[in-house]
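K.L.:
Only the shape, not the letters, is given here:
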C-alpha cells in the first residue's frame, strides 16, 4: 500500500461546558456567565512580570499580545480573542508561561486570511503552556528552539477545532484552501531537553476545523537522556476542508521531516499512553526520525463521519515508512510495540498498521481490533475516567 504524507457527536453536557464561552449572534462578543467581558487593545510586553486581563486584536496580523523581552513573563487568568495570533514572540531567548487562559480565534474576514495561533514563538529559552482552553485557533507553534535546557511544556490544555481553513473574505471559509496547522508543532527544535506534550484534550469536528497533524515533531529532537515525551493525550478528529475529499495527509501524532544529516533529523521521541480517535489519514506515524519509541497507545477509527458517510481519506492506524532518499542512520532505533489498534480504511477494510521501514523485531506485539462506534465513544469515557483517577484537570477554570 502507499501512504500519503505532507465520530460520534460530542455529548450535549460536554459541548455545553466547552461552550460556556460563546460568541454572540454577530460573532464579536465573548461572554462569560452572560456578562460581557471588557477587552483591552493589543498588549506589547517589554519587561518581565505577571500579566492578567483580557486582550483582543480586531486587525489581522496584529497579535493580541506580543512579547519583546527575554525576562520571565507570565500570562495568566486571561481571555484572548482576535483575528490574528493570540500570543506571539519573534525574539529569541524568551521565557514565557501561559496558564489558565481562554482564547477564541476569529475568522480574519479577508480573502485567504489565516486564523491566528494561540501561541507562536521563535527560539524560546523556556515555554510553559498549561491549563488553557483553545477555541477555533490555529494551535501552538514552536520554531527553532535550539539547545535550551530550560524546557518546553504543553500540558493540561483543552482545544476545540484547530482551524487551518483560509477565509473566503465574506464571513466564511474556503472549501479548498488551507494552511497546514497543528494543535502543537515543534519545528527545527533540535537537541533540546525537557520537552513534554502531555494530558491535552484535542477535538476537531468535521466542517468546523482543518488541522493537518494534531501533533507534529518536524526536524526536532530531544536528547538520549531527555527524550521528547508525548504521552497521555486524547486526540479526536482530523479532516480536510471538505471531509468527503480523499486529498488529505494529516492525522494524529507524527515524527516528520526529510533531512540529509543526523544532526538535523528528528530523534529521541517517546510516544505513549495516548488515545487517538478517528483522525482520517493516519493515527500515529513515523515518517522520519531515529530512536522514536511508540508504545501502549490506543488508535481507534471506524472510518466514518458522524453523519455515517465514509471518510474518503481514511488510510492506516500506525505506520513506519521512511523516505528512501534519507540516510539509514537517520532512521535507526525506532520501535512500535504493544499498541491497541482498530482502523477501518476508506474501502471499509481493516488496516491497523503498515511497517515497511521497521527493523526486524522492532514493530511487534501490537493488538488489532475491529472498531465500532461504541469503541469510539468508549475512548472519550475512558479518557474522562483517566483524568479523574489521576486528579488532572484540562482547560481553564475561568468560566466555572
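P.N.:
Looks like it came in fine. Model, not experiment: these values are computed from the prediction.

K.L.:
list the buried ones in stretch 57-69?
P.N.:
57, 60, 62, 63, 64, 65, 66, 67, 69 (16 or more other Cβ atoms under 10 Å). C-beta coordinates here come from the backbone N, C-alpha and C atoms, glycine included.

K.L.:
who are the neighbours in contact with the nearest residue to the first one once chain neighbours are set aside?
P.N.:
Distance criterion Cβ to Cβ, 6 or more residues apart in numbering; nearest residue to residue 57, sequence neighbours excluded, is residue 82 at 3.4 Å. If a contact means Cβ atoms under 8 Å, 6 or more residues apart in numbering, then residue 82 has 42, 56, 57, 58, 62, 63, 64, 105, 106, 116 as its contacts.

K.L.:
Now the two most distant members of the residues you listed.
P.N.:
42 and 105 (14.9 Å; Cβ to Cβ).

K.L.:
looking at the chain, which residue lies furthest from center?
P.N.:
residue 360 (31.1 Å; Cα atoms, centre = their mean).

K.L.:
Report pLDDT for that one.
P.N.:
We have a pLDDT of 89 for residue 360.

K.L.:
what number of residues lie near the residue lying closest to residue 90 once chain neighbours are set aside?
P.N.:
Nearest-residue entry for residue 90: residue 122, 5.0 Å, with adjacent residues in sequence omitted and distances by Cβ to Cβ, 6+ apart. The number of residues packed near residue 122 is 17, by other Cβ atoms under 10 Å.

K.L.:
can you tell me how far residue 62 sits from residue 44?
P.N.:
As for residue 62, its distance to residue 44 is 10 Å (criterion: Cβ to Cβ, to the nearest Å).

K.L.:
Same check on residue 123?
P.N.:
19 Å.

K.L.:
ditto for residue 280
P.N.:
The gap separating residue 280 from residue 44 is 39 Å, by Cβ to Cβ.

K.L.:
so residue 43 touches residue 68, yeah?
P.N.:
No: counting by Cβ atoms under 8 Å, residue 43 does not reach residue 68; the two are 10.6 Å apart.

K.L.:
Give me the below-cutoff pLDDT ranges for the protein.
P.N.:
1-34, 146-149 (pLDDT under 70).

K.L.:
That one: helices as residue ranges?
P.N.:
Using DSSP state H, the helices of the chain run over 12-18, 373-389.

K.L.:
Quick check: buried residues in the longest one?
P.N.:
Residues 375, 376, 379, 380, 383, 387 are the ones in helix 373-389 that count as buried (16+ other Cβ under 10 Å).

K.L.:
tell me what it is packed against?
P.N.:
In terms of contacts (3 or more Cβ pairs under 8 Å, 6 or more residues apart in numbering; DSSP states H and E), helix 373-389 is packed against strand 234-236, strand 275-277, strand 298-301.
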